[in-house]
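Engineer: from the sequence below, what's the structure:
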Amino acid sequence: MWIIWGLTRYSGLYGTARSFHAAVGIISFMLFNGFIVFCSLFLNMAWFFYSLTFMLITISFLLDAIQALPTGYDIAATLIFGLVSFYCFLAALASSTFEGWCLPMGRPMVQLSGVGAGTTKCLHLPARKASSVKRIAEILRNGGTCGIPTDTVYVLVAACSRPDAVEKAHRSKRQAQDRPMSLWISSLKQLEPAKHLFSPLLWTSWRLPGHLPLAWSFPEVNGWISWE
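Structural biologist: Now for the predicted structure:
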């Protein structure tokens with residue numbers, strides 16, 4: 001609606017005749033934009049100022065309809081709206097390219113209690129980018145949890161060096177306390193502190209060349225896994 005109205009206004013299709021019906025239509029459009037401004041309060045400050053500065057454009061339309069437009073007001077309003085729009089465009093482009101808010105967008109100006117208040121944003125990172133893998137590793141090292149795809153379903157993972165994160169993942173999945181969770185390691189060195197739980201034959205077979213996937217159930221042991 002904004003693009004169509006702007007093209008109509010500045011391309012000469014709006015015409016030179018001004019009438020009461022045009023003013024009523026512009027006021028209706030201003031009410032609609034006021035609703036957009038209200039909704040942007042729950043997004044962030046950048047989008048709030050973006051929709052608010054467009055209100056300057058609609059005011060210039062209204063002043064033009066009643067033949068009371070000051071000289072240079074429409075140009076100034078267009079420049080302000082254009083600068084804010086360009087900043088929002090660069091911020092959104094940087095966010096989608098570098099997987100983070102390189103340009104500040106600000107926090108929501110209004111937050112409803114119990115509806116996302118005080119919670120962190122859940123990131124969605126494309127798996128094809130190396131920056132996404134580094135970001136996921138950073139989240140896991142800091143005690144966060146991540147959902148990653150497998151050949152069947154998504155799984156919720158946490159770093160085994162962070163017992164608090166493992167407990168958080170266990171509670172998030174709402175599993176029974178006696179239901180085991182799988183453990184992924186990168187080398188046998190991480191299992192050496194628990195070597196006594198395995199038979200010598202099994203331990204030797206793991207050191208043979210080639211891949212040998214095995215499933216093993218063992219009791220809970222604290223403090224024997226490290227990220228090295």
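
Engineer: can you give the contact residues for the strand or helix carrying residue 31?
Structural biologist: Element membership for residue 31 (DSSP states H and E) is helix 20-40. Residues outside helix 20-40 that contact it (C-beta atoms under 8 Å, 6 or more residues apart in numbering) are 1, 5, 47-48, 50-52, 54-55, 58-59, 61-62, 65-66. (Glycine included, C-beta is placed from N, CA and C.)

Engineer: out of the residues you listed, which are buried?
Structural biologist: 5, 47-48, 50-52, 54-55, 58-59, 61-62, 65 (16 or more other C-beta atoms under 10 Å).

Engineer: just flag the most distant two among those.
Structural biologist: 47 and 65 (27.3 Å; C-beta to C-beta).

Engineer: I'd like to know how many residues surround residue 46.
Structural biologist: Residue 46 has 18 neighbours, counted by other C-beta atoms under 10 Å.

Engineer: rewinding a little: so which of the contacts of helix 20-40 belong to helices?
Structural biologist: 5, 47-48, 50-52, 54-55, 58-59, 61-62, 65 (DSSP state H).

Engineer: for these, which one is nearest residue 73?
Structural biologist: Using C-beta to C-beta, the ones in helices among the contacts of helix 20-40 come closest to residue 73 at residue 59, 8.3 Å.

Engineer: and that closest one, how close does it get to residue 65?
Structural biologist: Relative to residue 65, residue 59 is positioned 11 Å away (criterion: C-beta to C-beta, to the nearest Å).

Engineer: how about residue 148, secondary structure?
Structural biologist: Using DSSP: H, G, I helix; E, B strand; the rest coil, the structure places residue 148 in strand.

Engineer: contacting residues around it?
Structural biologist: So residue 148 contacts 136, 154, 155, 157 (C-beta under 8 Å, 6+ apart).

Engineer: one more time with 6 Å, if that's ok
Structural biologist: residue 157 (C-beta atoms under 6 Å, 6 or more residues apart in numbering).

Engineer: any idea how far it is from residue 154?
Structural biologist: 7 Å.

Engineer: ditto for residue 70
Structural biologist: Taking C-beta to C-beta, one finds residue 70 at 58 Å from residue 154.

Engineer: kindly report the same for residue 136.
Structural biologist: On the measure of C-beta to C-beta, residue 136 and residue 154 end up 13 Å apart.
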